[in-house]
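Q: Below: sequence and its predicted model.
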Amino acid sequence: MQSNRESIHGTWSSRWTFILAATGSAVGLGNIWKFPYMAGDNGGGAFVLVYLACIAIIGLPIMLGEIMIGRRGRSSPANTMKILAIEAKASKAWTLLGATGALAGLLILSFYSVAAGWALSYVFNGFQNITAESSTASFNELLSSPTSLIFWHTLFLVITIFIVARGILEGLEKWINTLMPMLFVIVLLLCIYSTQTGAFFEGLVYLFQPDFSKITPEVMLEALGQAFFTLSLGMGAIMAYGAYMPADQNIGKTAISVAALDTGVALLAGIAIFPIVFANGLAASEGPGLVFVTLPIAFSSMPFGVFFGTLFFILLSIAALSSSISLIEPGVAWLIESLKIKRITATLGLGLVAWSLGILSALSFNLLGEFTIFGRNFFDATDFLTNQIMLPLGGIFIAIFVGWKMKKEDVLEELKIKEGLLFKLWYFSVRYISPVMVGCVFLYFFF
Ligand code: PFF
């Protein structure tokens with residue numbers, strides 16, 4: 001019974017905390033910044049439909065598997081994989097899954113921190129007299145300034161490093177408790193504002209009426225990658241958090257709550273944003289600047305907009321922080337366990353790597369704009385490599401490990417359930433559906 005052991009990094013103080021921490025990891029820029037602009041880039045309803053299907057059919061079962069692995073191994077993802085591979089008499093090469101996951105986390109953190117820096121800088125936007133033109137112009141101005149981008153990126157990473165170096169178990173719990181619900185309330189408020197824009201219905205139709213002719217291999221891969229990214233799956237973040245989960249917590253219910261909260265926030269963000277886009281004659285396919293261009297327009301024209309706008313971007317930055325922490329934690333925990341170094345040294349080392357790569361991402365909007373890898377600038381190339389390749393691949397391997405390598409008795413023991421219908425459905429999904437579907441999307445896209 002591995003799960004009754006404690007992790008050397010500690011255990012969350014209550015059941016709620018795992019849900020909050022995992023939700024904190026899941027809810028972030030992926031929901032409020034990335035989901036709306038990807039939906040806009042990929043034709044709205046068709047993308048949203050495939051995305052929701054990916055969450056329900058592939059993401060949720062893999063999330064359950066990833067949490068279960070984490071709790072059974074009770075270590076950093078790399079060591080957890082090693083421990084469980086030994087238990088399952090599988091090859092020790094499975095350790096690599098944890099190691100590549102930690103690398104993916106670092107790569108994601110490098111560009112995530114640049115985008116989180118945009119959110120931080122918008123805290124000081126002012127939100128007064130903003131029009132569609134002026135809003136577009138100020139976002140472009142931010143992108144064109146290497147010093148501003150690097151400044152905000154650095155500030156965001158320094159805060160992340162500070163929190164992770166102190167140990168996430170203490171810092172995180174208190175914060176997430178109050179701040180996440182506040183973000184939820186402001187997004188709801190924005191939805192109410194959107195009902196007054198005159199384009200609410202148009203926004204809803206755009207988001208929820210699928211045009212099936214728009215479902216291409218590319219849209220499928222983007223939706224799949226976004227499902228993994230938004231749920232923080234496939235790289236060990238949720239596994240690392242699972243290692244701190246109390247032994248008697250119900251993993252299935254927990255995974256459903258986290259996935260539902262995360263999806264709810266993304267959809268609400270879309271419902272808030274698209275009516276503002278259409279009411280102001282902006283393009284839905286505006287790209288990464290979508291929320292940064294649209295929301296200031298809304299704040300500047302609503303009562304107490306300065307207050308709400310400032311608060312919104314503070315909360316968005318904090319939501320990004322609770323995600324960035326989970327991006328670096330798998331690598332940090334691994335270095336501490338394997339090299340026996342101090343938490344602060346491990347965090348600083350990895351933070352420095354993410355910072356350096358992030359500089360290249362920041363410069364890809366200006367000085368290095370001409371430098372492309374397979375037609376993408378550095379920011380987009382890192383995003384593509386991690387979200388659309390590394391995370392789904394990590395997810396396939398997690399599913400295969402749970403479905404084919406771990407002994408079924410061990411899985412049942414860790415989940416603390418009997419072999420009922422729900423278990424059978426889930427087990428079938430991790431053994432067959434998830435690997436086959438992800439594999440098909442890959443084949444479809446690349447060949
Ligand atoms: N899920 C986070 C978001 O939606 O912003 C991003 C993220 C965090 C992705 C942790 C992956 C991860 F491991």
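A: Everything's here; your move.

Q: The lengthiest helix in the chain near the ligand at all?
A: Counting by DSSP state H, the longest helix found in the chain is helix 305-339. Yes - judged by CB under 6 Å from any ligand atom, helix 305-339 and the ligand are in contact via Ser323, Ser326, Leu327. Any C-beta I mention is one placed from the backbone N, CA and C, and that applies to glycine too.

Q: can the residues you listed go into a markdown table with extra columns for neighbour count and pLDDT?
A: Formatted as a markdown table, these follow (neighbours: other CB atoms under 10 Å; pLDDT from 0 to 100):
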| residue | neighbour count | pLDDT |
| --- | --- | --- |
| Ser323 | 26 | 94 |
| Ser326 | 27 | 92 |
| Leu327 | 29 | 96 |
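
Q: rewinding a little: in terms of secondary structure, what does the helix or strand that the longest helix of the chain is followed by contact?
A: Reading on from helix 305-339 to the C-terminus, the next helix or strand found by DSSP states H and E is helix 343-363. The helices and strands touching helix 343-363, judged by 3 or more CB pairs under 8 Å, 6 or more residues apart in numbering; DSSP states H and E, are helix 95-122, helix 146-166, helix 305-339, helix 378-383.

Q: just those helices: most buried one?
A: helix 95-122 (a mean of 25; mean count of other CB atoms under 10 Å).

Q: The helix-or-strand element of the chain with minimal mean pLDDT vs helix 343-363, what angle?
A: Least confident helix or strand, the chain: helix 168-195 with a mean of 80, by mean pLDDT, DSSP states H and E. Calculated by axes from the mean of the first three to the mean of the last three CA atoms, to 10 degrees, helix 168-195 forms an angle of 30 degrees with helix 343-363.

Q: Show me what helix 168-195 packs onto, helices and strands only.
A: Short answer (3+ CB pairs under 8 Å, 6+ apart): helix 168-195 packs on helix 15-26, helix 251-279, helix 290-300, helix 305-339.

Q: wait, does the shortest one make contact with the ligand?
A: No - on the criterion CB under 6 Å from any ligand atom, helix 290-300 is out of touch with the ligand, staying 12.6 Å away.

Q: Please save the CA atoms from that helix in PDB.
A: C-alpha atoms of helix 290-300 as PDB (Å, rounded to 0.1, in the frame of the first residue of the first chain):
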ATOM      1  CA  LEU A 290      -7.700  39.000 -28.200                       C
ATOM      2  CA  VAL A 291      -8.400  39.400 -24.500                       C
ATOM      3  CA  PHE A 292      -5.900  42.200 -24.100                       C
ATOM      4  CA  VAL A 293      -7.600  44.200 -26.800                       C
ATOM      5  CA  THR A 294     -11.200  43.500 -26.000                       C
ATOM      6  CA  LEU A 295     -11.500  43.500 -22.200                       C
ATOM      7  CA  PRO A 296     -10.100  47.000 -21.700                       C
ATOM      8  CA  ILE A 297     -12.800  48.300 -24.000                       C
ATOM      9  CA  ALA A 298     -15.400  46.700 -21.800                       C
ATOM     10  CA  PHE A 299     -13.900  48.000 -18.600                       C
ATOM     11  CA  SER A 300     -13.500  51.500 -19.900                       C
END
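
Q: And that helix, what does it pack against?
A: Against helix 290-300 (3+ CB pairs under 8 Å, 6+ apart) you get helix 35-41, helix 95-122, helix 132-144, helix 168-195, helix 251-279, helix 305-339.

Q: Confidence-wise, which of the ones you listed is weakest overall?
A: In terms of mean pLDDT, the lowest-scoring of the helices and strands packed on helix 290-300 is helix 168-195 (a mean of 80).

Q: Now the residue in the chain positioned nearest to the ligand. Nearest residue, chain neighbours left out?
A: With CB to the nearest ligand atom, the shortest gap between the chain and the ligand falls at Gly30, namely 2.0 Å. Distances taken as CB to CB, 6 or more residues apart in numbering put Thr230 closest to Gly30, at 4.1 Å, once the chain neighbours are dropped.

Q: and that neighbour, what is it in contact with?
A: Ala26, Gly30, Asn31, Lys34, Phe35, Ile55, Asp262, Thr263, Ala266 (CB atoms under 8 Å, 6 or more residues apart in numbering).
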